[in-house]
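A.B. asks: No sequence on hand, only this structure:
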């Protein structure tokens, strides 16, 4: 089995069978190739940049001939100090790349044969690496902006005389959050999580170039953007689209995110909602690429992402 089984962008199918049949050596070569593409997978010291290294094959590690630094292919990346085999890491990436609406940590743990906490942390590390693609992105074309609320729902009481008006603030949990999505038509989708939709005004100012053109709904808080950008407004009580003015692209993203949260995860904590939102945005942006190309993207992002500060060490003790 070739070590380049993930490289074919024309392929529409990436099989778990191919990964495990390729074996640990092929999976390891894949990580090396995407960590050091300039040297065709030959190790480069992350400390001094020297290309001359000794290979410690029994431990899959390297020693730099110049500074004597010991390192591995995952040193300094989001998979640093990993204990899983490379085939299992690739299999997890394959599963997430194939899942159009995401995959729950319970299902991932069963597919990989690992504990739930292992799958949970691994999936969030991959989501963190995915989000790095757009961390510095600024949109400068025709864009749409909107917000959608998630979480914080209250189960109604069984008896009607015990029920309360769940719309009132005093009867809410305080865990309800709004995902603000800023989407460029035929471009990228940027997301953030806030307490109120009006906070999306500052998000748009930070992530939009002054040449951008904006589409928004009739909500009054978007009025502030009209002083900076050309803004077209659509009143959803009258129409969803009129004369090319709409927020249909960003609504399409929210549809995917709702199906991900409701159909796969069933419950998403406000603490981690931003990572699920970024994951859904990434899937929507690359939905026309093959699953092999998506897997390559994830591995490449993971090999360039720094060590996670949130999911490093005893993650149970640290809040997001």
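C.D. replies: Thanks, I have it. Small disclaimer: the values here were computed from a predicted structure and weren't measured. Numbers count the residues shown, from 1 in each chain.

A.B. asks: Would you map the strands across the protein?
C.D. replies: 53-56, 61-64, 70-71, 142-150, 177-184, 189-194, 213-217, 231-234, 241-242, 245-246 (DSSP state E).

A.B. asks: Just tell me which of the ones you listed ends up closest to residue 108.
C.D. replies: strand 142-150 (21.3 Å; C-beta to C-beta). In this view, the C-beta of every residue, glycine as well, is placed from N, C-alpha and C.

A.B. asks: Partner strands of that closest one, with direction?
C.D. replies: With DSSP bridges as the test, strand 142-150 is paired with strand 177-184 (antiparallel), strand 213-217 (parallel).

A.B. asks: Number of residues surrounding residue 210?
C.D. replies: 8 (other C-beta atoms under 10 Å).

A.B. asks: re earlier: turn the strands of the chain into TSV, columns for mean pLDDT.
C.D. replies: Formatted as TSV, those follow (pLDDT from 0 to 100):
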stretch	mean pLDDT
strand 53-56	93
strand 61-64	94
strand 70-71	95
strand 142-150	96
strand 177-184	97
strand 189-194	97
strand 213-217	96
strand 231-234	95
strand 241-242	92
strand 245-246	94
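
A.B. asks: Comparing the strands paired with strand 142-150, which stretch has the densest surroundings?
C.D. replies: strand 177-184 (a mean of 25; mean count of other C-beta atoms under 10 Å).

A.B. asks: Now do that one: distance to the chain's middle.
C.D. replies: 14 Å (C-alpha atoms, centre = their mean, to the nearest Å).

A.B. asks: can you give me the angle it makes with strand 189-194?
C.D. replies: With axes from the mean of the first three to the mean of the last three C-alpha atoms, to 10 degrees defining the directions, strand 177-184 sits at 160 degrees from strand 189-194.

A.B. asks: Turn the strands of the chain into CSV, including distance to residue 88.
C.D. replies: Putting the strands of the chain into CSV (distance: least, C-beta to C-beta, whole Å) gives the following:
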stretch, distance to residue 88
strand 53-56, 22
strand 61-64, 19
strand 70-71, 21
strand 142-150, 31
strand 177-184, 31
strand 189-194, 29
strand 213-217, 44
strand 231-234, 47
strand 241-242, 46
strand 245-246, 44
